[in-house]
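Asker: predicted model follows, preceded by the sequence.
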Amino acid sequence: MNDPRFSEEDYISWTGWTKEQLIDMAEIIEPVMNESKHRSVFNAICIFWIKMKTNLSFRQIGTLFRVDCPDQDIRKRVSDSFHSVAAAFEKVIVPQHLGIEHLTREMALSHQTAYTKAFYGDNICLIWDGIYFYFDKSDDHELQRHMYSGQKKYHLLKFM
């Protein structure tokens, strides 16, 4: 996709990012991602973001990129590119920008709200958002009653 025929608007409409931002991402993950004879790191980044933004099938994205391989292998090659970028992001980007380890104590304290300062003072407070884990019906009637959510109309477990 690193093609002079594509305008800046094309990159934004397909991926949600400017060409310059995509190039920056490619440079960041390039040390942990192998170059392939079938695609560049830049094209892999474009494949990843097109899949994330449009949810086209891997086969459709392969056609868009004119992946040069037998028809039955196109989906696998594009899928491999997508998963390679996801793994590279997890290895390089996530530790730098997500999780507790990328913040110093002073940075965490500077992000506290008035509420957490009033109740917890200068202690660091984390507020977690819960998630639902959905389950099929259980044969155990007692367990089934406890796991059913009248609000969601489904059997689930709230871990928090």
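Answerer: Nice, I can see it.
Asker: quick one: mean pLDDT for the longest helix along the chain?
Answerer: Under DSSP state H, the helix in the chain containing the largest number of residues is helix 71-97. The average pLDDT within helix 71-97 is 89.
Asker: list the buried residues of it.
Answerer: Buried residues in helix 71-97, defined by neighbour count with 16 or more other CB atoms under 10 Å: 74-75, 77-82, 84-85, 88-89, 92. The C-beta positions use only the backbone N, C-alpha and C, and glycine is treated the same way.
Asker: helix or strand next in line after it, which one?
Answerer: helix 105-110 (DSSP states H and E).
Asker: reformat the buried residues of helix 71-97 as CSV; add distance to residue 140.
Answerer: Below are the buried residues of helix 71-97 laid out as CSV (distance: CB to CB, whole Å):
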residue, distance to residue 140
74, 46
75, 41
77, 46
78, 43
79, 39
80, 42
81, 44
82, 40
84, 42
85, 42
88, 43
89, 40
92, 44
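Asker: excluding chain neighbours, what is closest to the residue positioned nearest the centre of the chain?
Answerer: In the chain, the residue lying closest to the centroid (CA atoms, centre = their mean) is residue 86, at 6.9 Å. Spatial nearest neighbour of residue 86, chain neighbours left out: residue 48 (6.8 Å); criterion: CB to CB, 6 or more residues apart in numbering.
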